[in-house]
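A.B. asks: Turn this into a structure:
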Amino acid sequence: MSPSPTVRVGVIGAGLMGREVASAFGRWFTLLDCPVTPVLTAVCDVNPSALDWFRQVPTVANFCTDHHQLLALDEVDVVYVAVPHHLHEAIYLDVLRAGKDLLAEKPFGIDLAAAERIRDEAKALGRFVRVSSEFPFLPGVQRVIQAVRELDLGKLLHIRSSFLHSSDLDPRKPINWKRQNRFCGDAGVMNDLGLHVTHVPVRLGWTPHRVYGQLQKIYRERPDGQGGVAVCDTWDNATVHGTATLEGQEVPVTFEMKRMAPTETNTWSLEVLGTDAGARFSTKEPKTLWIYRRDREQWWQKTDLGFATPFKTVTGGIFEPGFPDVLMQMWAAFLAERAGALGRRFGCATPDEAVAQHAIWAAALVSHREGRVVQVSTVQPS
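C.D. replies: Numbering: from 1, shown residues only. Model prediction:
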């Protein structure tokens with residue numbers, strides 16, 4: 001087997017997600033049909049001690065505490081950035097202007113205007129840019145997408161997409177930057193979790209043109225970790241009721257993003273229901289695909305799924321994929337698409353799709369503030 005071309009990757013932000021990237025690249029030889037091999041060559045973090053974990057990664061030869069140092073390296077082709085939201089726009093623009101391609105973390109910018117500026121700069125400079133969103137690469141999600149494309153659903157009745165967790169239910173949990181607007185952005189939980197719920201619906205053309213937002217700030221302050229308390233001013237939970245016009249009919253589209261959803265631990269769910277058929281998948285049942293059919297009787301068909309990922313691996317089909325696996329699949333999709341070899345596989349979120357979700361959240365903020373339905377700016381994904 002001849003080796004596949006390599007792409008040299010630099011990571012800005014040596015925290016949790018940066019380490020996950022190094023882990024995925026270290027297992028890359030388990031992929032059987034990805035046309036590109038990434039090599040992690042450089043890591044940057046303003047905290048020097050955060051770089052220490054990466055010193056055990058044999059391919060990393062460059063350790064930086066200023067992202068400009070990393071961007072000046074010739075041995076970096078692609079940059080992945082995982083830093084707090086308020087830093088995204090400045091660093092993303094620096095990456096693009098340094099002549100590097102970018103896998104951006106969500107949100108694409110801290111708000112709609114920032115996202116549009118990043119998208120427009122990437123387009124003007126001709127850089128390849130995608131935005132991180134891992135869950136569509138789970139086999140169950142791929143099967144929902146396949147069902148939508150191949151089954152006759154009849155008249156669409158409702159589309160629901162949600163991302164729920166419960167880690168903020170304990171009021172004694174100390175505050176961090178994601179609970180403060182100046183770091184997380186005014187959209188709060190929508191900035192944090194929003195791309196998870198919109199990536200597939202927007203890709204399939206289910207972008208709402210008007211929305212009604214229901215937002216909640218549940219705990220207004222939290223321990224500051226130093227014996228005092230700090231203001232907690234982000235939206236904790238958001239339910240956005242939208243309307244999309246599909247095949248000449250208005251269809252409800254519901255996006256739900258919650259940091260306080262009892263018993264949930266990063267539960268990603270998508271349900272599409274039509275009059276004649278439908279599909280449902282949730283990470284709550286990671287092996288299970290539900291398909292609805294209306295024949296003489298109405299029934300749900302339950303199918304146990306195996307390790308049927310978009311890019312084939314050495315893992316047997318009887319096993320189940322987890323987050324590290326779909327993160328690697330997302331990177332494979334990013335690199336394959338960058339190389340022009342994605343084919344019919346599902347791709348990472350595009351800048352236009354990321355801007356489209358920011359437009360939805362901007363409308364939801366106005367809707368909640370004014371207590372009315374609000375039209376979403378028309379942004380068509382490419």
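A.B. asks: For the closest residue to Val229 other than its chain neighbours, list the residues it contacts.
C.D. replies: Spatial nearest neighbour of Val229, excluding adjacent residues (Cβ to Cβ, 6 or more residues apart in numbering): Glu221 at 4.7 Å. All C-beta atoms are positioned from the backbone trio N, CA, C, and that covers glycine. Going by Cβ atoms under 8 Å, 6 or more residues apart in numbering, Glu221 touches 175, 229-232.
A.B. asks: run the last query once more with 10 Å
C.D. replies: Counting by Cβ atoms under 10 Å, 6 or more residues apart in numbering, Glu221 touches 171, 175, 179, 228-233.
A.B. asks: ok, it to Gly188 distance?
C.D. replies: Distance, Glu221 to Gly188, by Cβ to Cβ, to the nearest Å: 15 Å.
A.B. asks: in the stretch 51-200 of the chain, which spans are helices?
C.D. replies: Using DSSP state H, counting those that start in this stretch, the helices of the stretch 51-200 of the chain run over 67-71, 88-97, 112-125, 139-150, 181-184, 189-203.
A.B. asks: Give me whichever of the ones you listed is most buried.
C.D. replies: helix 189-203 (a mean of 26; mean count of other Cβ atoms under 10 Å).
A.B. asks: SS state for Met330?
C.D. replies: helix (DSSP: H, G, I helix; E, B strand; the rest coil).
A.B. asks: In the stretch 1-150 of the chain, where is pLDDT below threshold?
C.D. replies: Scanning the stretch 1-150 of the chain for pLDDT under 70 picks out 1-2.
A.B. asks: give me that answer again for 90
C.D. replies: Scanning the stretch 1-150 of the chain for pLDDT under 90 picks out 1-4.
A.B. asks: In the sheet, which residues pair with the residue nearest to Val229? Tell me.
C.D. replies: Val231 (DSSP bridges).
A.B. asks: now swap in Val251 and tell me
C.D. replies: Beta-bridge partners of Val251, as defined by DSSP bridges: Ala244.
A.B. asks: Around it, how many other residues sit close by?
C.D. replies: 20 (other Cβ atoms under 10 Å).
A.B. asks: my guess is it contacts Thr207, does it?
C.D. replies: No - the criterion here is Cβ atoms under 10 Å, and Val251 misses it with Thr207 at 11.2 Å.
A.B. asks: Mind listing the shared neighbours of these two?
C.D. replies: By Cβ under 10 Å, 6+ apart, Val251 and Thr207 have these common neighbours: 242, 244-245.
A.B. asks: So how do I select the buried members of these in PyMOL?
C.D. replies: Filtering the shared contacts of Val251 and Thr207 down to the buried ones (16 or more other Cβ atoms under 10 Å) takes a single PyMOL command:
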select buried, resi 242+244
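A.B. asks: For the shared contacts of Val251 and Thr207, please prepare JSON lines with the additional fields distance to His368.
C.D. replies: What follows is the shared contacts of Val251 and Thr207, written out as JSON lines (distance: Cβ to Cβ, whole Å):
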{"residue": "Gly242", "distance to His368": "13"}
{"residue": "Ala244", "distance to His368": "20"}
{"residue": "Thr245", "distance to His368": "23"}
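A.B. asks: Of the shared contacts of Val251 and Thr207, just say which sits nearest to Asp45.
C.D. replies: Gly242 (38.0 Å; Cβ to Cβ).
A.B. asks: Checking my notes, that closest one in a helix, right?
C.D. replies: No - with three-state DSSP as the criterion, Gly242 is located in strand rather than a helix.
A.B. asks: What distance do you get for it to Val373?
C.D. replies: Gly242 is 10 Å from Val373, by Cβ to Cβ.
A.B. asks: Name the residues contacting each of these two.
C.D. replies: Common neighbours of Gly242 and Val373 (Cβ under 10 Å, 6+ apart) are 210-213, 363, 367.
A.B. asks: any chance of these in TSV, plus distance to Arg203 and neighbour count?
C.D. replies: Below are the shared contacts of Gly242 and Val373 laid out as TSV (distance: Cβ to Cβ, whole Å; neighbours: other Cβ atoms under 10 Å):
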residue	distance to Arg203	neighbour count
Arg210	20	16
Val211	18	26
Tyr212	23	18
Gly213	22	28
Ala363	19	24
Ser367	24	23
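A.B. asks: Show me which pair in the residues you listed is furthest apart.
C.D. replies: Arg210 and Gly213 (10.9 Å).
A.B. asks: Quickly list what's touching both of those two.
C.D. replies: In contact with both Arg210 and Gly213: 241-242, 363, 367, 373-374, using Cβ under 10 Å, 6+ apart.
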